[in-house]
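> 3D model of this:
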Amino acid sequence: MQELGTGVFDWNREERISDRYGLVKLFDSSGSVRKEIKLQRLKEGSHGRLVAVVRETRDTAHIGDLFHRVFPTRPELNERVVLGEGTLFFDEDGVGLSPDDGRDTLWLNMHALYRVHNQTVALFFEESPAN
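You can find the predicted model right below:
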């Protein structure tokens, strides 16, 4: 596994609105005033999994995705959460995985995303062969 960075886990609201849920980011704090953390960039196009390892937990004020009926849950310290599998890409300071099946929505696992929303995580890319 290659570490991409450590910080407070979140995503842009456009990911939720578009239903893509494919790109995530790390921030320096959980507050309303925060700065993005620059991620370690790896070779784009590699196939694998994004994995978040929880380093610090806190409550989140996010209500979740009401349409999909997915809500935040508080993880355990050091919990390993697999966010999804696919082809690695970077956009600005975010990282994501495009799915192998070419779908336009729900690129990452929504339940996993809301499990680590607003938590301090170490974010990793774990290379694996494509299916």
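> What count of nearby residues applies to the closest residue to Gly64 other than its chain neighbours?
Excluding the flanking residues, the one nearest Gly64 by C-beta to C-beta, 6 or more residues apart in numbering is Phe71, at 3.7 Å. Placement of C-beta: from N, CA and C, glycine included. Residues near Phe71, counting by other C-beta atoms under 10 Å, number 14.
> Phe71 touches Tyr114, doesn't it?
Yes: Phe71 is within contact range of Tyr114, at 6.3 Å (criterion: C-beta atoms under 8 Å).
> May I ask you to name the longest strand in the chain?
In the chain, assigned by DSSP state E, the strand with the most residues is strand 80-91.
> Past it, which element shows up next along the chain?
As assigned by DSSP states H and E, the chain's next helix or strand after strand 80-91 is strand 94-98.
> what's that next one in contact with?
4, 11-12, 22-25, 39, 48-50, 83-90, 107-108, 123, 125 (C-beta atoms under 8 Å, 6 or more residues apart in numbering).
> Grab the nearest non-local neighbour of Leu88.
Excluding the flanking residues, the one nearest Leu88 by C-beta to C-beta, 6+ apart is Ser46, at 4.8 Å.
> That neighbour touches Gly86, doesn't it?
No: the criterion here is C-beta under 8 Å, and Ser46 misses it with Gly86 at 10.1 Å.
> Compare these two and say which one has the larger neighbour count.
Gly86 (21 against 15).
> who's in contact with that one?
Gly86 touches 47, 97-100, 107, counting by C-beta under 8 Å, 6+ apart.
> residue ranges of the strands in this protein, please?
Listed in chain order, the strands found in the chain under DSSP E are 2-10, 23-27, 47-56, 80-91, 94-98, 120-127.
> Now mean pLDDT and distance to Phe67 too, for those strands, in TSV please.
As requested, the strands of the chain are exported to TSV (pLDDT from 0 to 100; distance: least, C-beta to C-beta, whole Å):
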stretch	mean pLDDT	distance to Phe67
strand 2-10	96	19
strand 23-27	96	19
strand 47-56	97	23
strand 80-91	96	19
strand 94-98	96	21
strand 120-127	96	25
